[in-house]
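S.K.: any chance you could fold what I've pasted below:
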Amino acid sequence: ALTATWDREMARKVGVALGRDCRARGVNILLAPAVNIYRSPLCGRNFEYMGEDPFLAGQMVAPLIQGIQSQEVLATVKHFACNNQEWDRHNISSEVDQRTLHEIYLPAFKAAVQEGKVGCVMTAYNLLNGVHCSQDDWLINQTLKTNWGFNGFVMSDWTSTYDAVAAANAGLDLEMPEGKFMNVTNLTPAIQDGRVKESVIDDKVRRILRTVIAAGFFDRPQQRKDIPLNDPQNAAVALEGARESIVLLKNEKRPLPLDRTKIKSIAVLGPNA
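M.R.: Residues are numbered from 1 along each chain as shown. Predicted coordinates for the structure are as follows:
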């Protein structure tokens, strides 16, 4: 709905409201926004994604992130990448060629990083071209960190880490909700025998500390008790955003209701026609 406003300033205002809600509750990191591109109306996460147009999603997600992070709360863009269905999400592979990835599925993430300056990125449950996103070197190390210059840290979606060494080497910095794979038991032997370089671990620690220190988490309490939990200011923003998102079609030349006596044929298009 927010994307349907086509209003960057509205996105920023909603971001500020989300950030204020986080501060009122002592939340450091917001697990939003999500910018996977709509492919099917059956996708269980469509409600939190930002539409089907990569340019529009990118234009709206950047100010949304800026608004959230203006309140000293880190935003997390997700689910990186091509998370387009919930069914069998741990095993399904999204098969997408390079051109399609860069033209459709990645631009909103790139905008989140380069224009929104997002602090965190969350990997997706699914595989991308046969590789789990949480251990995809091309996706995390090469594309996100090297080509796009992302300086924050990368976390897994909940329980979407599958291999400690592969995830560590591919650029995953934080396994959530706990270190089931990326822990001392699995990683210490891998460091000792050379499967994971110590510098790889250092980079993860540096990214996490750099990001949370820059956000001021060590300098103050995160909870702001001056913001009410049921905040009238935020409620007003939510209402304004909802109103702005509604698109009305004007019936100026009275095409509706359809006149059976004048219409000879109707074309119904699309795969669900």
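
S.K.: mind pulling up the pLDDT for residue 170?
M.R.: At residue 170, the pLDDT value in this model is 98.

S.K.: burial count for it?
M.R.: Other residues near residue 170 number 23, with proximity taken as other CB atoms under 10 Å. (Glycine included, C-beta is placed from N, CA and C.)

S.K.: what's the separation between it and residue 3?
M.R.: 30 Å (CB to CB, to the nearest Å).

S.K.: repeat that for residue 115.
M.R.: 15 Å.

S.K.: comparing the two, which residue is more hemmed in?
M.R.: The residue with more neighbours, out of residue 115 and residue 3, is residue 3; 23 against 15, by other CB under 10 Å.

S.K.: in this structure that one contacts residue 56, no?
M.R.: Yes. Judged on CB atoms under 8 Å, residue 3 makes contact with residue 56 at a distance of 6.1 Å.

S.K.: any shared contact partners between the two?
M.R.: residue 50 (CB atoms under 8 Å, 6 or more residues apart in numbering).

S.K.: show me the contacts for residue 258.
M.R.: So residue 258 contacts residue 266 (CB under 8 Å, 6+ apart).

S.K.: from residue 265, how far off is it?
M.R.: 12 Å.

S.K.: and residue 90, by the same measure?
M.R.: From residue 90 to residue 265 the distance is 47 Å (CB to CB).

S.K.: so which of those two has more stuff around it?
M.R.: Legend: neighbour count by other CB under 10 Å for residue 90 and residue 265, higher for residue 90 (12 against 4).

S.K.: for that one, what are its contacts?
M.R.: Contacts of residue 90 by CB under 8 Å, 6+ apart are 125, 126, 160.

S.K.: let's see 10 Å
M.R.: 125, 126, 127, 132, 157, 159, 160, 162 (CB atoms under 10 Å, 6 or more residues apart in numbering).

S.K.: the helix or strand harbouring residue 61: how far from the chain's middle?
M.R.: Using DSSP states H and E, residue 61 maps to helix 54-69. Distance, stretch centre to chain centre, for helix 54-69: 10 Å (CA atoms, centre = their mean, to the nearest Å).

S.K.: can you point out the buried residues in that helix?
M.R.: Neighbour counts over helix 54-69 (16 or more other CB atoms under 10 Å) mark 54, 57-69 as buried.
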